[in-house]
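K.L.:
Fold the following, please.
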Amino acid sequence: MAETRVSLFLLDQHWKLSLTQHHQIRNNPNNPRNLPIDSAFVLNMSELPYFCPKATMYPTLSYIIYDLTGTYYPLPFFTFGIMMALSFAAAYIVFIKEFKRKEREGIIPSELVMKTFGALPSKTDTIISALVGGIIGFKILGLILDYSQQNSENPQEYILSMQGSYIGFILGLGVSLYLSFIETKSIKKAYPEPITKEIVVHPHELMGTILMVAAISGLFGAKLFDAMERWDDFVAHPISSLMSFSGLTFYGGLICGALGVIWYTRKHSIPLLPLLDIGAPAMMLSYGVGRIGCQLAGDGDWGLVNIAPKPGWMSFLPDWMWAFDYPRNVAHEGAKVLENVPGTFTNALEQTVYPTPFYEAIAGIMLFVFLWQIRKSIKIPGMLWAIYLILNGAERFLIEKIRVNSKYHFGNIAITQAELISSMLFIVGTLMLAYLLIKRKKSIAFASNE
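P.N.:
I've put the predicted structure just below:
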């Protein structure tokens, strides 16, 4: 069998090896002297354990573990979902900090509400809680008892199917009823009779519900706008399109999520403009963190084909930051099929493309830092939000020039949905900023005349 003289140093330059694979190479019989890492040695390439390109996709947590240890075990934890959860957590932290600051400054008031303590759960609540617990048990125990790679890498199909465990349903039902019984007992012990009293609700205490409203309405909007953008695919495969982990349009999530939050906070007398100012840095950070998930998973949000040589000014950066073929992408895109790759995510693009999610992640985080730094110096309500609209619109409009997206045609003009919305955001932000500055100037002039 042919042997090839290689250098472990060169392997390190072009490939990413796990610690286990390093150990296997070092102890290969063809390297009896255990040569240092930068020394050349004779190695039978057929005996070299599988190793991945230095830049690769991690559609699920399983692939991260595999590249670190060399062991693959299918787990139903998608990196895109993990990063989306982290993006919501990041926004939550920023919202909390800003709500507290603006309450201290007297910009956002706390609320006095009448609350009843000691009210027992209704029969309807108990029944719904028990059924939800039963369904969760039905699915979780069913997944554990019949665990397979198909279920782990396509959990949405399993969730929508009739697969599950009836024993799990009974156990989940029983646990839910028991918890309801314990809750009722503790309420009766604490409050023999229900009492109603006035309490103070601080704005940051509403964040749990605000986050839930933003998540539900944002997810709905992201899917709605994606369906509008890819209407033919949606009509052909409506269920799979709705349940897919790809196909989430940012502007749909932004618009519908913002409308949902505004609707909820108006019920609690939170003023609109200060709320929008709070949301500006939070949403920019969430956007940047979320785009890291797009890049790690390879969900199809990449750019146009890029086979041009890497510019000299990028020579010190990895090649994938200029052009990337997204191996093991979660979208199963690309005719190239990778060999010796575990799991079902084995596709790679035939031609390299611009890694636009990476660019957007960097831009989003940098713009968050900028907004965070200037937030305290801006005293005009709504101005930070106007700046956010301008920055967000400009960033997205520019990135669309090298990004893959469906285009709408208006006569001889072809424009993507994101270009249209980002242009509108930029214009609205600019007009809003001009209006606030003119209004501020007039109020100062009026006060000086008095």
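K.L.:
Can you give the domain ranges for the chain?
P.N.:
Here the domain parsing of the chain from automatic domain parsing is 4-69, 79-110+202-449, 113-199.
K.L.:
possible to save those domains as a markdown table with mean neighbour count and mean pLDDT?
P.N.:
Every residue, glycine included, has its C-beta placed from N, CA and C. Formatted as a markdown table, these follow (neighbours: other CB atoms under 10 Å; pLDDT from 0 to 100):
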| stretch | mean neighbour count | mean pLDDT |
| --- | --- | --- |
| domain 4-69 | 15 | 51 |
| domain 79-110+202-449 | 18 | 88 |
| domain 113-199 | 14 | 86 |
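K.L.:
Shouldn't residue 197 be within a strand?
P.N.:
Yes. Using DSSP: H, G, I helix; E, B strand; the rest coil, the assignment for residue 197 is a strand.
K.L.:
Against residue 190, how distant is it?
P.N.:
Plainly put, residue 197 is 14 Å away from residue 190 if you go by CB to CB, to the nearest Å.
K.L.:
which residues do the two both contact?
P.N.:
residue 117 (CB atoms under 8 Å, 6 or more residues apart in numbering).
K.L.:
Would you map the helices across the stretch 151-300 of the chain?
P.N.:
For the stretch 151-300 of the chain, the helices defined by DSSP state H, counting those that start in this stretch cover 155-160, 166-190, 207-229, 231-236, 238-243, 250-266, 272-297.
K.L.:
quick one, which of those helices is nearest to residue 309?
P.N.:
helix 272-297 (22.3 Å; CB to CB).
K.L.:
following the closest one, which helix or strand comes up?
P.N.:
strand 336-337 (DSSP states H and E).
K.L.:
so what does that following strand touch, helix or strand wise?
P.N.:
Strand 336-337 sits against strand 347-348, with contacts defined as 3 or more CB pairs under 8 Å, 6 or more residues apart in numbering; DSSP states H and E.
K.L.:
Could you tell me the phi and psi values at residue 268?
P.N.:
When quoted as degrees, to the nearest 10, the phi and psi of residue 268 stand at phi -110, psi 20.
K.L.:
residues contacting it?
P.N.:
111, 201, 203, 206.
K.L.:
Name the nearest of those relative to residue 157.
P.N.:
Of these, the one sitting nearest to residue 157 (CB to CB) turns out to be residue 206, at 36.0 Å.
K.L.:
wait, what's in contact with residue 261?
P.N.:
So residue 261 contacts 210, 213-214, 217, 275, 279 (CB under 8 Å, 6+ apart).
K.L.:
how does it look with 6 Å?
P.N.:
The contact partners of residue 261, by CB atoms under 6 Å, 6 or more residues apart in numbering, come to 210, 213-214.
K.L.:
Residue 285 versus that one, what's the distance?
P.N.:
16 Å.
K.L.:
residues in contact with residue 424?
P.N.:
Here residue 424 is in contact with no residue (CB under 6 Å, 6+ apart).
K.L.:
just to confirm, which helix or strand has it in it?
P.N.:
Following DSSP H and E, one finds residue 424 within helix 417-449.
K.L.:
so how far is that helix from its chain's centroid?
P.N.:
31 Å (CA atoms, centre = their mean, to the nearest Å).
K.L.:
Could you measure from residue 116 over to residue 205?
P.N.:
Distance, residue 116 to residue 205, by CB to CB: 17 Å.
K.L.:
secondary structure class for the spatially most central residue of the chain?
P.N.:
The chain has residue 84 as the residue nearest its centroid, 2.4 Å off, counting by CA atoms, centre = their mean. Here residue 84 is helix, with the state taken from three-state DSSP.
K.L.:
Got the phi and psi for residue 409?
P.N.:
phi -120, psi 120.
K.L.:
beta partners for it?
P.N.:
residue 414 (DSSP bridges).
K.L.:
dump the residue contacts of residue 84.
P.N.:
By CB under 6 Å, 6+ apart, the contact list for residue 84 reads 290, 293.
K.L.:
repeat for residue 138
P.N.:
Contacts of residue 138 by CB under 6 Å, 6+ apart are 164, 168-169.
K.L.:
Repeat that for residue 440.
P.N.:
Going by CB under 6 Å, 6+ apart, residue 440 touches residue 380.
K.L.:
What separation do you get for it and residue 181?
P.N.:
For residue 440 relative to residue 181 (CB to CB), the value is 59 Å.
K.L.:
likewise residue 420?
P.N.:
55 Å.
K.L.:
cool, residue 413 as well?
P.N.:
65 Å.
K.L.:
check which helix or strand covers the nearest residue to residue 75 once chain neighbours are set aside.
P.N.:
Nearest residue to residue 75, sequence neighbours excluded (CB to CB, 6 or more residues apart in numbering): residue 62, at 4.7 Å. Following DSSP H and E, one finds residue 62 within helix 61-69.
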